[in-house]
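[1] Sequence and predicted structure are below.
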Amino acid sequence: MPSRDGPAVVEVDDLVKRYPRSDTNAVDGLSFHVAPGEIFGLFGPNGAGKSTTVGVLTTRLRPTGGRVVVGGVDVDRDPATARAQLAVVPQHNNLDRALTPRQNLVHHATYHGVPRRQAQARAGELLERFGLTERADRRLEAYSGGLAQRLMIARALTHEPAVLFLDEPTNALDPQTRLLIWGQIRQLRERGVAIVLTTHAMNEAARLVDRVGIVDHGRLLTLDTPQNLVRGLAGDAILDLTVTPAAADDPDSLQAALAALDGVRKSERLALPTGGGGGRPGANLPPGVRPGNLPPGVRAALAARAAAGGGKAGLAATGGGGDLAGLAATGGGLAGRAGAGPLAALANGARSAPDGRGRIRIRLHLAGDPAALLGAAVTVLTGRSAALAAIDVGEPSLEDVFIELTGRAPR
Ligand SMILES: Nc1ncnc2c1ncn2[C@@H]1O[C@H](COP(=O)(O)OP(=O)(O)OP(=O)(O)O)[C@@H](O)[C@H]1O
């Protein structure tokens, strides 16, 4: 792994970009550095300023203010030299259809000053690496989206750039092609190439990127490793409860009661899955929640409560049989993603409201172990005669951090 302590290969300092006839800055004082061999994710909602930033970094757009240096070259002062240091893989296919795949690569390399013989050798090696050798001399029209994307990345590498800019590199690709592309990106990192990635597939990218900058309104909201961002902003765990409050109860006050529990960092109301039922396992789960996947700690806690009758205090309030099954039998149904174990019995015995009327979905962001909180949450629900329709426990994700910082409203 190359040293990331050396000089940055991308330096963005106080970058400002205002388009002509616009009265706001599309990029408004953005600063970040990328080290050689680092994968840097630039994330943000639509219109946040990502493409504009990448446009300036790749010399497509001129900055209004600030300083951008790529591979030691100031992009505004010397764009032609800067271009030799970088490569861009756009989201949309811009391959030359008049040429074969091999010719596309050779042409790109020679355009960047690579001698022809060397360009041919590099093209051959890259076609091999991206699994394209057999198709290298066929007509380009026959290329699917995935093949075209592979070819565009291979093409970008023919002049051995120090920085590779990837715009939505795995958008609409099949899993095999995604794996291949992620694998190639990792190899580039090992070779010391810096990669700047913009994507909306954040949870997928979180496994790959070393650091993430989240931008909105042209400003950097946060910059850190995905792990630190998730830990710092979204809490340790997420507990989603789909419940039907008692007819006389107020949903806001029920949510407030849950939010007041020890260990809850914050709460929010989520939309119910389409159809309003909220009880179909795995249906329309929000990001960060894995269906049917209660952590062992939660399962163990529930099993212990059920076995020892420890859940009685809370659950008996439903008027049920004094264990967790009582909740299902009397509370209107626990049709959750129970998986195996005691919750499975609850799910089997669940009786949901036929059309899910009155249901709400409350997300609790927790500090600490969800197992410790679940019992208390159930106690609150049963104490207020709320029917529990589904429980989801999950780990927060980068997408949760993103939503926390940029909001849920579409742009
Ligand atoms: N050519 C242009 N002229 C004027 N304004 C523009 C132009 N291109 C983008 N903008 C504006 O600049 C802002 C930033 O847009 P930009 O395309 O950089 O965002 P983005 O984060 O890349 O969004 P997306 O995820 O939708 O691609 C937006 O308000 C957009 O409307």
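    Sure, I can see it. Numbers count the residues shown, from 1 in each chain.
[2] buried sites along the host helix or strand of His107?
    With the criterion set as DSSP states H and E, the secondary-structure element containing His107 is helix 101-111. Of the residues in helix 101-111, those buried under the neighbour-count criterion (16 or more other Cβ atoms under 10 Å) are 101-102, 104-110. Every residue, glycine included, has its C-beta placed from N, CA and C.
[3] Now do that helix, average pLDDT.
    The average pLDDT within helix 101-111 is 96.
[4] Mind listing residues that contact it?
    Identification of contacts with helix 101-111 by Cβ atoms under 8 Å, 6 or more residues apart in numbering yields 95-96, 99, 116, 118-120, 122-124, 126-127, 132, 135-138, 140, 143, 151, 154-156, 158-159.
[5] if we can go back for a sec, out of the buried residues of helix 101-111, which two sit at the greatest distance?
    Pro101 and Thr110 (15.4 Å; Cβ to Cβ).
[6] what's the following helix or strand after the helix holding His107?
    helix 116-129.
[7] Number of residues surrounding Thr406?
    Here the count is done by other Cβ atoms under 10 Å, and Thr406 has 18 residues near it.
[8] Just confirm it contacts His217, I think it does.
    No. Judged on Cβ atoms under 8 Å, Thr406 makes no contact with His217 at a distance of 9.3 Å.
[9] what touches both of the two?
    Taking Cβ under 8 Å, 6+ apart as the criterion, Thr406 and His217 both touch Ala48.
[10] List the buried residues of stretch 199-207.
    Across stretch 199-207, burial judged by 16+ other Cβ under 10 Å covers 199, 201-202, 205-206.
[11] what are the C-alpha coordinates of that stretch, in CSV please?
    Taking Å, rounded to 0.1, in the frame of the first residue of the first chain, the C-alpha atoms of stretch 199-207 are listed here in CSV:
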residue,chain,number,x,y,z
THR,A,199,-22.0,7.8,-6.7
HIS,A,200,-25.5,7.6,-5.2
ALA,A,201,-24.9,3.9,-4.3
MET,A,202,-23.4,5.0,-1.0
ASN,A,203,-23.7,1.8,1.0
GLU,A,204,-22.0,-0.1,-1.7
ALA,A,205,-19.3,2.5,-2.0
ALA,A,206,-18.8,2.7,1.7
ARG,A,207,-17.1,-0.7,1.6
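[12] which element is Ile195 on?
    Here Ile195, judged by DSSP H and E, is contained in strand 194-198.
[13] Starting from that strand, tell me which strands it pairs with and how they run.
    Looking at strand 194-198 with DSSP bridges, its paired strands and their directions are strand 39-43 (parallel), strand 163-167 (parallel).
[14] can you redo those as JSON lines with distance to the ligand and mean neighbour count?
    Supplementary listing: these in JSON lines, determined by distance: least, Cβ to the nearest ligand atom, whole Å; neighbours: other Cβ atoms under 10 Å:
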{"stretch": "strand 39-43", "distance to the ligand": "9", "mean neighbour count": "24"}
{"stretch": "strand 163-167", "distance to the ligand": "8", "mean neighbour count": "23"}
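[15] Break down this structure into its strands, ranges please.
    Counting by DSSP state E, the chain forms strands over residues 10-17, 27-34, 39-43, 65-70, 73-74, 86-89, 163-167, 194-198, 211-216, 219-224, 237-244, 264-270, 360-366, 387-394, given from the N-terminal end onward.
[16] and Ser253, how many neighbours does it have?
    11.
[17] Please shift the residue numbers so they start at 55 in all later answers.
    Okay, using 55 as the starting number, the last item reads as Ser307.
[18] what's the burial count for Ser76?
    Taking other Cβ under 10 Å as the criterion, the count of residues near Ser76 is 9.
[19] what do you get for Asp191?
    For Asp191, the tally of surrounding residues (other Cβ under 10 Å) stands at 11.
[20] And for it, nearest residue in space, chain neighbours not counted?
    The shortest distance from Asp191 to any residue that is not its chain neighbour, by Cβ to Cβ, 6 or more residues apart in numbering, is 5.1 Å, and that residue is Thr154.
[21] repeat for Glu322
    Once flanking residues are discounted, Glu322 sits nearest to Arg417: 5.1 Å by Cβ to Cβ, 6+ apart.
[22] Quick check: beta-bridge partners of that neighbour?
    According to DSSP bridges, the residues that bridge with Arg417 are Asp294, Glu322.
[23] so what's it up against?
    Applying Cβ under 8 Å, 6+ apart, one finds that Arg417 lies in contact with 292-295, 321-324, 340.
[24] Check Gly461 too.
    Contacts of Gly461 (Cβ under 8 Å, 6+ apart): none.
[25] Point out the residues in this protein that sit beside the ligand.
    If contact is defined as Cβ under 6 Å from any ligand atom, the residues of the chain in contact with the ligand are 73, 76, 80, 98, 100-106.
[26] Now render those residues as TSV, adding pLDDT and distance to Gly126.
    Below are the residues of the chain next to the ligand laid out as TSV (pLDDT from 0 to 100; distance: Cβ to Cβ, whole Å):
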residue	pLDDT	distance to Gly126
Tyr73	97	28
Ser76	95	31
Ala80	97	26
Gly98	91	27
Asn100	90	33
Gly101	91	32
Ala102	93	28
Gly103	94	25
Lys104	93	24
Ser105	92	24
Thr106	95	23
